[in-house]
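> fold the following.
(2 chains)
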Amino acid sequence: MDNSLVLLLLLTPFFGFLFNVFFGKKAGKTISGALGTIAVAVSFVMSVYFFMQVNASGKPIAINLFDWIQIGKLKVDFGILLDQLSLLWLLFVTGIGSLIHLYSISYMHDDENMHKFFAYLNLFVFFMITLVVGSNLLVMFIGWEGVGLCSYLLIGFWHKNQDYNDAAKKAFIMNRIGDLGFLIGIFILAYTSGTLDYAGMNKAIQFNSAVSTPALYSIAALCLFIGATGKSAQLPLYTWLPDAMAGPTPVSALIHAATMVTAGIFMITRMNFLFDLTPEVQNIIAIVGAITALVAASIGLLQNDIKKVLAYSTVSQLGLMFLALGMGAYNVAVFHVITHAFFKACLFLGSGSVIHALHGEQDMRKMGGLRKAMPITFATMLISTLAIAGIFPFAGFWSKDEILMVAFEHNIALWIVGSIASIMTAFYMFRLMYLTFFRDFRGTEEQKHHLHESPSLITLPLIILAALATVGGLINLPGSNWLNHFLEPILTGKHEEHALGSQEYMLMGIALTGAIIGIGWAYSKYIKQGFVPKQDSEIVGFSKTIYNKYYVDELYTSLIVKPLNSLSNFFRTTLEPALGKVVYGFGTAANGLGNQGKKLQTGSIGLYLFAFVIGVLALVSYLFLGQ
Amino acid sequence: MNNILNEIGIENYIFLSILLFCIGVFGVLYRRNAIIVFMSIEIMLNAVNLLFVAFSTYHQDAKGQVFVFFSMAVAAAEVAVGLALLVSVFRNIGSVDISNLKNLKG
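You can find the predicted model right below:
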């Protein structure tokens, strides 16, 4: 029974993909979109069913679909593990996935390749489920690569624009760098523990570390973290995520905000037993996370593309999650992943609604005053913005606050960095709101004439997500801590629990004050003074550096891309002709030798006979006289 | 048993055999006529045959004589094939002078 239901959960999106690939065009847009959405919704229902079951029994469901690889002592099953962690992820992947599919029916309706879009989205959900439910690292790796592929396909969905194709390739290549690290980590773990199964690895690592603490585990943990930096857009591999905004907005919401980019956090939480043993790697994770949060937030301060702001905000929030992971507070990171999925998906979908209303305009300098024309979009985005800024009592307040509390206990410097990033977040998010929805409209007259609220298929997901962003904090309120208790079985290390003391109240107050300072700063600049960001050419000084993202892309270009290009140029212009000469030389030499040998064949039988006799004489004299 | 080698020593057979063989070799090397070349080859073969039977008697071992019978049978077959080849060559180029056979020149 469970077996077939698990298959239903896993394979329905895949069948949706197959249907949309082969019959989607013929079936028409409505059926294509509806079936794609239903496929994911079925997975969601299954996830809810299993969630109820595991929540009630407390026992994870493990199923081995088939034996996959067996080499020597290493045995890898294609196993499925539905435990507390994977079910949480399944719930919000398929839940938010369903909402975003629903939204896409309306959003992508004018696109001629809508069936392809739904095919890719379904395939993405399939791979994301594979990533989450796998019972060992190799199955996770299949999903890991699969979601990368879907991300590539969807970023380059409008493939007629070369910039978009470049962005897709950039995302893919950046991810490959991380994937290599992940793969090496898997190899090391397979070598040291002889299995890739989570439970088996856990046992092997606990056993081995009791004997000694091999440095190999640190290297493995570091390699896995490199994999996570690629997928979850952390320094130094984060640059693909802002460019990934080239994809259609629902894709940005689903893949590049809510689900795929959290895969790195999922993986590290999954492997918490390994990371708990390697405090030095944990320190690196915390520091990288904090710096990423700060750098990305500061870049977000000055971006003018509405989706770019949200992209940098995603990078920054992911940085905060890694900060929590680095301090061993896996449950806190998971909490923030979930609340972030709610409000960031809502923000992206809201920005999609705005872009839709403005016929593709993404520059906030040409927006403004949309509050009256799009009340529902405005209200839902405002709620999500309050959530991400960390205003009481919205979801983001609780999760972000927990991260900062943990940071405060471990390391004051990291707490300060995280808090500054949070203040910046509040500022740039409200800057986005003020520039988009307040004061007067700055676009063309024609656009102004066509301003409209989006249809209900777009607003419904927005309303649901905004509601979740409001109450999402309930799952782990300080004091009740439902999520912490729920995740207890899968976390081996010590347990973070915050009783509500005076210190906690003080920290909450500081965080709240910080957020309000950020909002007030944005209010005075963009509402009171009516400031509109300058044109690109007028930006000077340090803000120009920030506006151009600290020139990181340029740095990578000159440090890596250009040397590689000149190396390949060297190969092409110098090495290849040289090698060619050598190869051709062998041919010419053989030819010349043959021409010389040809002269021996005179055709004179007498000469042949003479040579034959001489030869026999030589042989005989060698055999008899020589010895 | 009256051994013939008591009357004429084994060394004389060897000398005769060497002489015949050398005649054959020189015939092969110096004559142009294909038929004479062919005959010279036969002389060489028979020189060896002579040596075989001489040693067979010397060692009182019949194996050498058996071998000579084989050799003669094969030589007969070879002559048949060789002469057929020569006839065919003569039909094609109208002579059996081996210096005319230069079609295989590289």
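
> which residue ranges of chain B form helices?
B:10-30, B:34-59, B:63-93 (DSSP state H).

> okay, these in CSV with mean pLDDT, distance to A:Leu487 and mean neighbour count next?
Heads up, the C-betas are built off the backbone N, CA and C, glycines and all. Converted to CSV, the helices of chain B look like this (pLDDT from 0 to 100; distance: least, C-beta to C-beta, whole Å; neighbours: other C-beta atoms under 10 Å in any protein chain shown):
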stretch, mean pLDDT, distance to A:Leu487, mean neighbour count
helix B:10-30, 91, 100, 15
helix B:34-59, 91, 99, 17
helix B:63-93, 91, 94, 12
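
> for chain A, find the nearest of those.
When those are compared by C-beta to the nearest C-beta, helix B:10-30 sits nearest chain A, at 5.5 Å.

> how far off centre is the closest one?
Centroid displacement of helix B:10-30 relative to its chain, using C-alpha atoms, centre = their mean, to the nearest Å, is 10 Å.

> who are the packing partners of that helix?
helix A:605-620, helix B:34-59 (3 or more C-beta pairs under 8 Å, 6 or more residues apart in numbering or on different chains; DSSP states H and E).

> which one of the helices of chain B lies nearest to A:Val337?
For the helices of chain B, the distance to A:Val337 is smallest for helix B:63-93, at 92.1 Å, taking C-beta to C-beta.

> just put the helices of chain B in a markdown table and tack on distance to A:Phe342.
Below are these laid out as a markdown table (distance: least, C-beta to C-beta, whole Å):
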| stretch | distance to A:Phe342 |
| --- | --- |
| helix B:10-30 | 104 |
| helix B:34-59 | 103 |
| helix B:63-93 | 98 |
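
> nearest to A:Asn569, of those helices?
Closest approach to A:Asn569 among these (C-beta to C-beta): helix B:63-93, 64.1 Å.

> anything in that closest one sitting right up against chain A?
No. Using C-beta under 8 Å from any C-beta of the partner chain, helix B:63-93 stays clear of chain A, with a minimum separation of 10.9 Å.

> doesn't A:Ile238 lie inside a strand?
Quick fix: residue A:238 is Tyr, not Ile. No. Counting by DSSP: H, G, I helix; E, B strand; the rest coil, A:Tyr238 falls outside a strand, being coil.

> for the closest residue to it other than its chain neighbours, grab the count of nearby residues.
Spatial nearest neighbour of A:Tyr238, chain neighbours left out: A:Val315 (5.1 Å); criterion: C-beta to C-beta, 6 or more residues apart in numbering or on different chains. When neighbours are defined as other C-beta atoms under 10 Å in any protein chain shown, A:Val315 has 25 of them.

> for A:Val315, list the residues it contacts.
Going by C-beta atoms under 8 Å, 6 or more residues apart in numbering or on different chains, A:Val315 touches A:233-234, A:238, A:241-242, A:292, A:296.

> in helices only, show me the residues you listed.
Those of the contacts of A:Val315 lying in helices (DSSP H): A:241-242, A:292, A:296.

> now do the contacts for A:Ala395.
A:339, A:342-343, A:387, A:468-473.

> mind doing that once more with 10 Å?
Each residue near A:Ala395 by C-beta atoms under 10 Å, 6 or more residues apart in numbering or on different chains is listed here: A:335-336, A:338-343, A:383-384, A:386-388, A:468-476.
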